[in-house]
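1. no letters, just coordinates:
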Ligand code: ADP
Ligand code: MG
């Protein structure tokens, strides 16, 4: 952690603690722990209330509970020619007996003995006899400090092979005893200010003070203590919020520092342009820009002409036409004599951009270079040594071996698939070049401000005109014959189709999960005489590109694929998409997938086939049938499925929080922003945001 002074004892390695030897270093490294502070900030997975442990007699089916008892019998049984085994012990706590079973862990027989005292934690599976399968266990050992492990709320940590729960718990306890008083407060002035304000109930109107004050009143040291050994379970959540707030403030301050450094250090690369490339480009494009696209370009042009480098986020739903905006931005930089780098998350997408840009820019005399993992040696569409060029690639662009002179503009497509680090790495290839990042992941505004606080945002509203409709249907597996008949009809009309499955192989009969490799032959017969292409993540880049080329040229009419086609792929003649096991995809992801069709003038159809069409599944998938608005879908996804995927992507693009949770802590995020901006008001170098 950066805010702790270098001489603080908390920055010392964990090995300074008694009982931690060199052999622990590697084990701790697996948990991300190297210093004492890391240990103190290692969050428990859960807590167990051992003040009153449940008794066997009270256990209820499917409810998680802890029981402390003595092993009265144990045994190991092998079956299936000794290839499988089950180990079982019977626990007695005086009120009843509990059977605990483990499959295929025969070595447990050596660990647990009759007479041992054990905590088990798990869910009761059956009542007669009372049975738990694969419960967590903790042996009570002679000489255990009862004050740490018994009669209190105890932390249960995520472990790694070789570290025991009790040992780690004891270690954290001792570390807290030894260093607890030396945990420095963070952001003292800010928090004191906020606590005051919220008590006064004034200045920070957007935050309900009642919701925040308890967490704010906690000192960081107290929070860290409650994180591990709370007196009441409710303290854990408050502690998490308090530590999460520190993380949010750290992020906000870092974002602001980045912005300020940019303002202070960056020499401007004014890209005024003179339209000598843009004008002919727009003339040969074949369509005119929408109002929204034009408005965004006006903002971008103003950014590029300014004394500080552009830092802009371009949001626009799938198919909104972000690529053309990227092309115009590219041309502005090229006109001013600067090279441009465009980074995309997949090779398929990079190749597609490459083809488009070659088609658009070569006639203007501009060279386009492709650089991906499998194409290390850049393929140059047209040598143009004297002119500025466009470099397109995957993350291969951030590798050291890629250098570019006079880098004036960096564009990142599908930003949410990258991390901030990769973005910064690419920017460092030049001297504060302009930056345009694009994403189709709709993010609620507050979230966006937290995550992309250092970027100005533009939005392309709506889709370009002249698109056919997309109709979306939800179907059960019994309707598949009809679905394939429908697909055959569309193919016979000359259209093309995507057929999407969740897996490459390892189809799973139990859940009805299908895989592309297994479906290929079946669908080849089903859709004959039309030809079928196969696309998935295990193919080499060359193989993928060959399949895509066949599909684009309509040499294959249907593309059987995994979600690798999720981002960016653009084939206007494709009008049908069938997604099997649709229940396994997030709504936002289904929306992205569906964005592959409806790109031309023909009407399009998307059929979502669920392996089992339960009411909940139907309800969830219906959202897609009812709207094609990405924001509405993202919100529904958040509501129905929780923050998972969307936030996962967003979060990985910003920061890894240990305690803060963007889904639950938006209010805290807001508070952190306001606190950070309050601080800026007192500092002379004020940020722009
Ligand atoms: P996305 O925003 O998802 O990246 P694309 O840039 O791939 O979308 O655009 C989708 C399709 O829309 C492309 O085929 C593109 O050429 C076309 N397009 C973009 N802008 C317009 C427009 N103003 N009028 C008509 N078609 C457009
Ligand atoms: Mg795109």
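-> All right, it came through fine. Remember, it's a predicted structure, so these values are computed and weren't measured experimentally. Ligands and ions are numbered 1, 2, ... in the order given.
2. what's around the closest residue to residue 150 other than its chain neighbours, how many residues?
-> Excluding its sequence neighbours, the residue lying closest to residue 150 (C-beta to C-beta, 6 or more residues apart in numbering) is residue 50, at 5.8 Å. In short, each C-beta sits where N, CA and C put it, glycine included. Other residues near residue 50 come to 15 when the count uses other C-beta atoms under 10 Å.
3. spit out the contact partners of residue 50.
-> Residue 50 sits next to 66, 68, 119, 149, 150, 151, 152, 153, 154 when contact means C-beta atoms under 8 Å, 6 or more residues apart in numbering.
4. up against ligand 1, what does this structure have?
-> Residues of the chain lying close to ligand 1 (C-beta under 6 Å from any ligand atom) are 287, 289-290, 293, 316, 318-324, 440, 464, 466, 570, 599.
5. now with 5 Å?
-> For the chain, the contact set with ligand 1 under C-beta under 5 Å from any ligand atom comprises 287, 289-290, 316, 318-324, 464, 570.
6. could you list which of these belong to helices?
-> 322, 323, 324 (DSSP state H).
7. output the residues you listed as a markdown table; include the columns pLDDT and neighbour count.
-> Listed next are those as a markdown table, based on pLDDT from 0 to 100; neighbours: other C-beta atoms under 10 Å:
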| residue | pLDDT | neighbour count |
| --- | --- | --- |
| 322 | 94 | 24 |
| 323 | 95 | 20 |
| 324 | 96 | 21 |
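8. give me the element whatever residue of the stretch 101-250 of the chain ends up closest to ligand 1 is part of.
-> Closest residue of the stretch 101-250 of the chain to ligand 1, C-beta to the nearest ligand atom: residue 248 (30.7 Å). In this structure, residue 248 sits in helix 234-265 according to DSSP states H and E.
9. how deep is the closest residue to ligand 1 within the stretch 451-600 of the chain tucked in, by neighbour count?
-> Ligand 1 sits closest to residue 464 of the stretch 451-600 of the chain, with a gap of 3.3 Å, by C-beta to the nearest ligand atom. Residue 464 is flanked by 17 other residues according to other C-beta under 10 Å.
10. what's the answer for residue 83, then?
-> Using other C-beta under 10 Å: residue 83 sits among 8 other residues.
11. dump the residue contacts of residue 98.
-> So residue 98 contacts 56, 59, 67, 69, 90, 91, 92, 120, 130, 131, 132 (C-beta under 8 Å, 6+ apart).
12. pLDDT and neighbour count added to those residues, as CSV?
-> Putting the contacts of residue 98 into CSV (pLDDT from 0 to 100; neighbours: other C-beta under 10 Å) gives the following:
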residue, pLDDT, neighbour count
56, 90, 20
59, 91, 19
67, 92, 27
69, 93, 24
90, 97, 19
91, 95, 28
92, 95, 15
120, 91, 20
130, 94, 20
131, 95, 17
132, 95, 23
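13. make CSV out of those and add distance to residue 620 and secondary structure.
-> Formatted as CSV, the contacts of residue 98 follow (distance: C-beta to C-beta, whole Å; DSSP: H, G, I helix; E, B strand; the rest coil):
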residue, distance to residue 620, secondary structure
56, 39, helix
59, 34, coil
67, 37, strand
69, 43, strand
90, 43, strand
91, 41, strand
92, 46, strand
120, 36, strand
130, 36, strand
131, 34, strand
132, 32, strand
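14. now find how far off-centre the helix holding residue 248 is within its chain.
-> Centroid separation for helix 234-265 versus its chain: 19 Å, with C-alpha atoms, centre = their mean, to the nearest Å.
15. packing partners of the very next helix or strand once past it?
-> Where DSSP H and E defines the elements, the next helix or strand beyond helix 234-265 is helix 278-284. When contacts are defined as 3 or more C-beta pairs under 8 Å, 6 or more residues apart in numbering; DSSP states H and E, helix 278-284 sits against helix 322-335, helix 347-361.
16. next structured bit after the longest one?
-> The reference is to helix 347-361. strand 368-371.
17. cool, the shortest one as well?
-> Heading C-terminal from helix 322-335, the first helix or strand you meet, by DSSP H and E, is strand 339-343.
18. please tell me how far the residue in the stretch 151-300 of the chain that ligand 1 sits nearest to sits from residue 281.
-> Nearest residue of the stretch 151-300 of the chain to ligand 1: residue 287, at 3.7 Å (C-beta to the nearest ligand atom). Remark: distance between residue 287 and residue 281 (C-beta to C-beta, to the nearest Å) = 12 Å.
19. just want to know which of the two has more residues nearby.
-> Neighbours were counted for residue 287 and for residue 281 using other C-beta under 10 Å; residue 281 has more, 20 against 11.
20. run a quick neighbour tally on the closest residue to that one other than its chain neighbours.
-> Leaving out its chain neighbours, the residue that sits closest to residue 281 by C-beta to C-beta, 6+ apart is residue 331, at 5.8 Å. By other C-beta under 10 Å, 27 other residues sit near residue 331.
21. all helices for the stretch 51-200 of the chain, in order.
-> Assignment of helices within the stretch 51-200 of the chain using DSSP state H, counting those that start in this stretch yields the ranges 108-111, 146-149, 165-179, 188-200.
22. contacts for the first one next, please.
-> Same thing as helix 108-111. When contacts are defined by C-beta under 8 Å, 6+ apart, helix 108-111 is touched by residues 74, 75, 76, 87, 102, 139.
23. ok, the third one touching residue 105?
-> The reference is to residue 76. No: Residue 76 is beyond contact range of residue 105, at 9.6 Å (criterion: C-beta atoms under 8 Å).
24. quick check: neighbours shared by these two?
-> Contact criterion C-beta under 8 Å, 6+ apart; residues shared by residue 76 and residue 105: 85, 87.
25. residue 540 is nearest to which of the helices and strands packed on helix 278-284?
-> Proximity to residue 540 (C-beta to C-beta) singles out helix 347-361 among the helices and strands packed on helix 278-284, at 9.4 Å.
26. let me see the mean pLDDT of that closest one.
-> In this model, helix 347-361 has an average pLDDT of 91.
27. would you mark the buried spots in that helix?
-> 347-358, 360-361 (16 or more other C-beta atoms under 10 Å).
28. if we can go back for a sec, for the contacts of helix 108-111, give me CSV that also has neighbour count.
-> What follows is the contacts of helix 108-111, written out as CSV (neighbours: other C-beta atoms under 10 Å):
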residue, neighbour count
74, 18
75, 10
76, 16
87, 21
102, 21
139, 16
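29. let's have these in TSV, adding pLDDT.
-> TSV is the format used below for these (pLDDT from 0 to 100):
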residue	pLDDT
74	95
75	94
76	95
87	96
102	96
139	86
